[in-house]
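Chemist: with the sequence up front, the predicted model follows.
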Amino acid sequence: MAKTQKVQPKNKPETSTQRYLDIDTIQDSVVVLKDGGLRAVLMASSINFDLKSTDEQDSIIYAYQNFLNSLDFPIQIQVSSRVLNINGYLRYLKEFEDTQQNELLRMQTSEYSMFVQELVSGANIVNKTFYVVIPFDPVERPEGLLDKLSSALNPKLGVRYNKQEFEKYKTQLWQRVNSVMYGLKRAGVYMTPLNTQELIELYYTFYNPDSKPTESLHSVEELDIT
């Protein structure tokens with residue numbers, strides 16, 4: 001059973017900048033906003049369009065056009081550019097080097113590891129990742145002046161769902177997700193939904209753009225998500 005802990009005492013005002021974010025919670029691979037909206041985030045593959053033949057390019061354009069025309073809800077396409085993180089690969093090379101019995105191969109592995117480090121640091125290689133955000137807003141309320149003032153004075157105030165409501169809205173959100181995945185697959189773009197841990201890390205990097213690419217969060221079980 002997970003340990004629960006209050007972040008702030010009731011008599012102490014909350015000072016964290018998190019209270020000003022639109023996100024209320026992240027659970028079951030779904031981002032729940034403070035206004036009640038649900039969001040799913042899909043990571044998409046890329047296509048080297050210039051290397052395709054003319055017929056292939058026309059086919060991709062036609063499939064993408066049909067996908068856009070079939071949508072009856074908005075989507076958001078996000079491109080994230082981050083400095084390439086090769087720490088995992090370098091750790092693998094180090095482990096391979098330490099366990100290598102052949103002295104020549106050990107030296108070659110060490111030299112190759114140094115070459116990769118110098119290449120990445122000198123060239124400042126950037127890794128681009130493509131995401132598609134799928135929305136579902138079950139609560140639609142006209143927002144008047146009083147609502148806006150209330151939201152500004154108490155930014156943490158949000159819509160809460162019980163388990164049955166959440167599962168119902170999540171099912172409807174996932175219907176949209178499957179529709180988008182099928183439509184873009186016909187254009188040659190393959191997608192995968194981000195799970196809870198991946199969503200937390202994604203939004204962490206978005207809201208902390210100056211963080212070092214070597215920084216990594218703990219597993220979701222070790223995080224206090226409210």
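Modeler: Now that the structure is in, tell me what you want to look at.

Chemist: residue ranges for the strands of the protein, please.
Modeler: 23-27, 30-33, 38-44, 76-83, 126-136, 191-193 (DSSP state E).

Chemist: how about the second one as PDB, C-alpha atoms only?
Modeler: Extracted C-alpha coordinates of strand 30-33, given in PDB (Å, rounded to 0.1, in the frame of the first residue of the first chain):
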ATOM      1  CA  VAL A  30      -4.000  10.300 -18.200                       C
ATOM      2  CA  VAL A  31      -3.300  14.000 -17.400                       C
ATOM      3  CA  VAL A  32      -6.200  15.500 -15.500                       C
ATOM      4  CA  LEU A  33      -6.400  19.300 -15.600                       C
END
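
Chemist: parallel or antiparallel, which strands does it pair with?
Modeler: strand 23-27 (antiparallel), strand 38-44 (antiparallel) (DSSP bridges).

Chemist: rounded mean pLDDT for it, please.
Modeler: Throughout strand 30-33, pLDDT has a mean value of 91.

Chemist: that one: which residues count as buried?
Modeler: In terms of neighbour count (16 or more other C-beta atoms under 10 Å), strand 30-33 has its buried residues at 30-33. For every residue, glycine as well, the C-beta is placed using N, CA and C.

Chemist: still on that earlier bit, now the strands paired with strand 30-33 in CSV, with mean neighbour count, distance to E167 and mean pLDDT?
Modeler: Listed next are the strands paired with strand 30-33 as CSV, based on neighbours: other C-beta atoms under 10 Å; distance: least, C-beta to C-beta, whole Å; pLDDT from 0 to 100:
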stretch, mean neighbour count, distance to E167, mean pLDDT
strand 23-27, 17, 11, 87
strand 38-44, 20, 11, 93
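
Chemist: mind putting the strands of the chain into TSV with distance to T171?
Modeler: Below are these laid out as TSV (distance: least, C-beta to C-beta, whole Å):
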stretch	distance to T171
strand 23-27	15
strand 30-33	11
strand 38-44	11
strand 76-83	21
strand 126-136	10
strand 191-193	14
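
Chemist: same for the biggest helix by length in the chain, what does it pack against?
Modeler: Looking across the chain with DSSP state H, the single longest helix is helix 163-185. If contacts are counted by 3 or more C-beta pairs under 8 Å, 6 or more residues apart in numbering; DSSP states H and E, helix 163-185 sits against strand 30-33, strand 38-44, helix 54-70, strand 126-136, strand 191-193.

Chemist: please identify which of these is closest to I86.
Modeler: Distances from I86 to each of those were compared by C-beta to C-beta, and the smallest falls on strand 126-136, at 9.7 Å.
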